[in-house]
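S.K.: Mind looking at a prediction? Sequence and model below.
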Amino acid sequence: MTVLQAIVLGILQGLTEFLPVSSSGHLVIVQHYLKGFNQPGVLFDVLLHMGTLFAVLMYYWRDIIGILRSFTTKLDVPGSRKNVDYDSYKPQQKLGLLIIVGTIPTAVLGFFFKDYVVILFSSVKLTACMLIVTGILLAIADRIKERKRKVSSLTFKDSILIGFVQGLSITPGISRSGSTIATGLFRKVDGEEAAKFSFLLSIPAILGAIVLEIPHFSHVQAGEIPAYLLGTLSAMLTGILAIKFLIRVLKQERLRYFAYYCWLLGSVVIAFG
């Protein structure tokens with residue numbers, strides 16, 4: 001893998017991880033046509049996801065710090081309430097619990113199907129078919145009206161459902177952000193709020209994927225390290241821009257345009273791939 005290939009794939013990952021068009025699907029398709037591209041397992045793909053993880057941490061750092069503080073501050077200690085605004089910590093603590101609960105079905109699905117991930121990543125036509133499925137989800141979700149719920153109104157049932165959908169998105173072509181945001185919209189959650197929960201929920205999932213790929217780090221050649229680092233950096237920088245753009249699209253309720261793109265790309269790959 002060359003440095004140029006790594007940067008191109010990093011930019012592609014940063015854009016498509018947050019835009020609901022399946023980053024894994026795009027990586028499968030593009031890597032299929034890159035001459036000489038290879039990686040140990042799916043290590044490079046996971047590192048690109050780590051780049052987009054940094055983008056989430058930078059964009060939602062206030063929420064993340066609030067969640068951590070809500071669990072580390074001793075709110076229930078007698079006499080502490082005169083120094084701590086207990087009510088201000090409740091929403092962040094609930095959000096943290098929702099993320100933990102939503103991570104459970106994702107972790108279970110990832111554990112039992114991790115051996116099939118590499119196989120799935122070798123099928124370009126399966127990826128194309130799943131892109132069409134992603135487009136259908138986006139088109140239906142875009143028609144949902146009265147999306148007024150906030151993250152603070154989510155229940156554990158909502159969290160488990162969104163976490164389960166996130167687990168299914170290990171299938172290349174099924175957009176993680178698209179499917180989880182769409183599920184939030186189906187539950188009448190505001191678009192921007194659904195995106196926030198989707199991206200925060202991705203943090204433990206990406207960390208888990210990195211842990212699973214640690215054994216493959218030893219197979220990386222010293223000469224390839226710059227390419228891996230630049231690819232990760234490219235994914236982070238473009239990821240921040242993609243988050244901002246998607247939030248604007250969700251406010252304007254124009255998710256259907258991404259559905260059209262998924263249908264077009266999936267159809268072209270099926271026809272000519």
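M.R.: Yes, it's here.
S.K.: List the residues that contact S198.
M.R.: Going by Cβ atoms under 8 Å, 6 or more residues apart in numbering, S198 touches 162, 166, 176-177, 180-181, 184. Every C-beta, even on glycine, is put in place using the N, C-alpha and C of the backbone.
S.K.: For those, which single residue is the most surrounded?
M.R.: When neighbours are counted by other Cβ atoms under 10 Å, I181 leads the contacts of S198 with 31 neighbours.
S.K.: which residues make contact with the helix or strand containing that one from outside it?
M.R.: Here I181 is covered by helix 176-186, with elements defined by DSSP states H and E. Contacts of helix 176-186 from elsewhere in the structure, counted by Cβ under 8 Å, 6+ apart, are 17-24, 134, 137-138, 140-142, 144, 147, 158, 161-162, 165-166, 168-169, 191, 193-195, 197-199, 201-202, 205, 246, 250, 255, 258, 262.
S.K.: now do stretch 16-27
M.R.: Contacts of stretch 16-27 from elsewhere in the structure, counted by Cβ under 8 Å, 6+ apart, are 9, 12-13, 45, 48-49, 52, 55, 121, 127-128, 130-131, 134, 138, 169-170, 172-179, 181-182, 199, 235, 239, 242-243, 245-246, 255, 258, 261-262, 265.
S.K.: for the stretch 51-200 of the chain, what spans make up the helices?
M.R.: Counting by DSSP state H, counting those that start in this stretch, the segments of the stretch 51-200 of the chain that form helices are 61-72, 86-120, 124-141, 156-168, 176-186, 191-213.
S.K.: Any idea which of the ones you listed gets closest to L34?
M.R.: With Cβ to Cβ as the measure, helix 124-141 is the member of those nearest L34 (12.6 Å).
S.K.: Show me which residues of the closest one are buried.
M.R.: Residues of helix 124-141 classed as buried: 124, 126-135, 137-139, 141 (neighbour count, 16 or more other Cβ atoms under 10 Å).
S.K.: circling back: show me how to select, in ChimeraX, the buried members of the contacts of stretch 16-27.
M.R.: In ChimeraX, selecting the buried portion of the contacts of stretch 16-27, with burial taken from 16+ other Cβ under 10 Å, looks like this:
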select :9,12,13,45,48,49,52,55,121,127,128,130,131,134,138,169,170,172,173,174,175,176,177,178,179,181,182,199,235,239,242,243,246,255,258,261,262,265
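S.K.: Below-threshold pLDDT in the stretch 151-273 of the chain: ranges please.
M.R.: 212-222, 273 (pLDDT under 70).
S.K.: Can you pull out the low-pLDDT segments for the stretch 1-150 of the chain?
M.R.: In the stretch 1-150 of the chain the weaker segments, taking pLDDT under 70 as the threshold, are 36-42, 73-89, 114-122.
S.K.: give me that answer again for 50
M.R.: 75-84, 86-87 (pLDDT under 50).
S.K.: now the angle between helix 124-141 and the helix holding I181, please.
M.R.: Using axes from the mean of the first three to the mean of the last three Cα atoms, to 10 degrees, one finds that helix 176-186 and helix 124-141 are set 30 degrees apart in direction.
S.K.: May I have helix 176-186 exported as PDB, CA atoms only?
M.R.: What follows is helix 176-186 as a C-alpha-only set of coordinates in PDB (Å, rounded to 0.1, in the frame of the first residue of the first chain):
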ATOM      1  CA  ARG A 176     -23.500   2.400  10.500                       C
ATOM      2  CA  SER A 177     -24.400   6.100  10.800                       C
ATOM      3  CA  GLY A 178     -27.200   5.800   8.200                       C
ATOM      4  CA  SER A 179     -28.900   2.800   9.900                       C
ATOM      5  CA  THR A 180     -28.600   4.100  13.400                       C
ATOM      6  CA  ILE A 181     -29.700   7.600  12.600                       C
ATOM      7  CA  ALA A 182     -32.600   6.100  10.600                       C
ATOM      8  CA  THR A 183     -33.600   4.000  13.600                       C
ATOM      9  CA  GLY A 184     -33.600   7.100  15.700                       C
ATOM     10  CA  LEU A 185     -35.800   8.900  13.200                       C
ATOM     11  CA  PHE A 186     -38.200   5.900  13.200                       C
END
